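Asker: Return a 3D structure for these sequence lines:
(one chain, ligands or ions: 2)
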Amino acid sequence: MANERSKSDKGVFEAVVSANKQIGRIFYRLGLEFSGAGAAAFAKSKAGQFAELDLSGAALPRAEAIPEELADKAQRRILLRRPFSFCDVSEHKEKTPVDILYSIVGPASLRMTTLSAGDSVSVIGPLGSGFWVPEGKKTALLVAGGMGAGPLLLLAKVLTASWPKINVIAFAGAKTKEELPFERTLDEVSQHVGFSVAEFAEYGVTSMVATDDGSAGYNGLVTDCFSEWLGKQSLAAKETIVYSCGPEEMLGRVAKIAGKKKFDCQISMERRMGCGIGVCQSCVVECKVNGSNKRVYKLCCEDGPVFDAKEVVFD
Ligand SMILES: Cc1cc2nc3c(=O)[nH]c(=O)nc-3n(C[C@H](O)[C@H](O)[C@H](O)COP(=O)(O)OP(=O)(O)OC[C@H]3O[C@@H](n4cnc5c(N)ncnc54)[C@H](O)[C@@H]3O)c2cc1C
Ligand code: FES
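Answerer: Numbering: from 1, shown residues only. Ligands and ions are numbered 1, 2, ... in the order given. Take a look at the predicted model:
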């Protein structure tokens, strides 16, 4: 990961599925393996970047595995590729394994569940700009909402491996315990702030969990958990950075909390993406122009998905 925002070379590659595992009730983890030029390109990818997957050839699951609310939508043809970010990227001999954490929300992610080891998937990537680390940071605070935990898990891995002097602390929230996208935690859930997610702990990162219904960890929004925790700390503004990924409403709150503390803050935005490569203009994000009241529209796929929180206009 770089000190400044940067991109890596993209391309169209064939990836081979290595695994596709259900995690808990609603999540899946898809393992893809790249070789050759794809391995080289994805080995250089950054936490926060994404790829466009062609899922048009994936089969529908059997009827009883299709959620009732998707029964009609399930039959739709998948014309457009879908964007997904990475929760893990590693290097293994000549190959680059890349993992994606996902849940079923529509026809493409539904079909994604039928991919199995040995299947081939066309992938465009790595795309967009990932997270970056400005000079002089000593504390990185990661705030994830739901599926937003994926890219922040990869960020935790990269930060602890390449920036060992930065103390990393993660906050992960969801509506309820079953919607926390982690594999190895649900039996160990404590009712107290200070609960540690095994996936973050693997990288030596302390983490706290919040659920809206109080079924695990802090009882309330992850942003309230984060804010309360911050209230008990005395962190130097220049040395602290907040990274966040999750629903837009949550990102707006995180941006506000970080802004009040004068912390740098980077957020990963989501937009519906028609192409992922700056052509269709479907993914605009309203941004402020530094030092003026002017507004510009930037492209989530090309200029983001990671933005400096100060520049994004929230509703
Ligand atoms: C940069 C980026 C990274 C992403 N990373 C992940 C990831 O790691 N894991 C994951 O599960 N999903 C991720 N997504 C979201 C994923 O691309 C969409 O959910 C995708 O459209 C699913 O396709 P589908 O056919 O199953 O559902 P669709 O029918 O396309 O969408 C289902 C529902 O979700 C809404 N929706 C779809 N895409 C978006 C979006 N981008 N923003 C807001 N609402 C949307 C639709 O309006 C619809 O209501 C990411 C999106 C972006 C832009
Ligand atoms: S998705 Fe087409 S321009 Fe961004």
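Asker: State the mean pLDDT of stretch 25-35.
Answerer: The average pLDDT for stretch 25-35 rounds to 92.
Asker: That stretch close to ligand 1?
Answerer: No - counting by C-beta under 6 Å from any ligand atom, ligand 1 has no neighbours in stretch 25-35; the shortest distance is 8.3 Å. Where C-beta positions appear, they are placed from N, C-alpha and C, glycine not excepted.
Asker: okay but residue 100 is in contact with residue 32, surely?
Answerer: Yes - the pair formed by residue 100 and residue 32 meets the contact definition of C-beta atoms under 8 Å, at 7.0 Å.
Asker: which of the two has more neighbours?
Answerer: The residue with the greater number of neighbours, taking residue 100 and residue 32 and applying other C-beta atoms under 10 Å, is residue 32; the counts read 28 against 21.
Asker: got a list of what that one touches?
Answerer: Counting by C-beta atoms under 8 Å, 6 or more residues apart in numbering, residue 32 makes contact with 15-18, 97-100, 121, 123.
Asker: Check residue 24 too.
Answerer: The contact partners of residue 24, by C-beta under 8 Å, 6+ apart, come to 178, 180-183, 186.
Asker: Residue 110: which of those is nearest?
Answerer: Within the contacts of residue 24, proximity to residue 110 (C-beta to C-beta) peaks at residue 181, which comes in at 17.2 Å.
Asker: Find the residue closest to whatever residue of the stretch 51-200 of the chain ends up closest to ligand 1 in space, skipping its chain neighbours.
Answerer: Using C-beta to the nearest ligand atom, the point where the stretch 51-200 of the chain gets nearest to ligand 1 is residue 106, with a distance of 2.1 Å. Once its chain neighbours are removed from consideration, residue 106 has its nearest residue in residue 73; the separation is 6.0 Å (C-beta to C-beta, 6 or more residues apart in numbering).
Asker: one step back: which single one of the contacts of residue 32 is nearest to ligand 2?
Answerer: residue 123 (15.6 Å).
Asker: What residues are bridge-paired with the closest one?
Answerer: With DSSP bridges applied, residue 123 shows beta-bridge pairing to residue 13, residue 53.
Asker: wait, doesn't it sit right on residue 38?
Answerer: Yes - because the distance of 7.4 Å satisfies C-beta under 8 Å, residue 123 is recorded as touching residue 38.
Asker: Same drill for those two, tell me which one is more crowded.
Answerer: Neighbours per residue, other C-beta under 10 Å: of residue 123 and residue 38, the larger number sits with residue 123, 25 against 22.
Asker: Work out the gap between the lowest-mean-pLDDT helix or strand in the chain and the centre of the chain.
Answerer: Taking all helices and strands of the chain together, the one with the lowest average confidence (mean pLDDT, DSSP states H and E) is helix 198-201, at a mean of 86. With C-alpha atoms, centre = their mean, to the nearest Å as the basis, the distance from the averaged C-alpha position of helix 198-201 to the chain average is 16 Å.
Asker: Give me the buried positions along the next helix or strand after that helix.
Answerer: Per DSSP states H and E, helix 198-201 leads on to strand 206-211 as the next helix or strand towards the C-terminus. Of the residues in strand 206-211, 207-211 count as buried by neighbour count, 16 or more other C-beta atoms under 10 Å.
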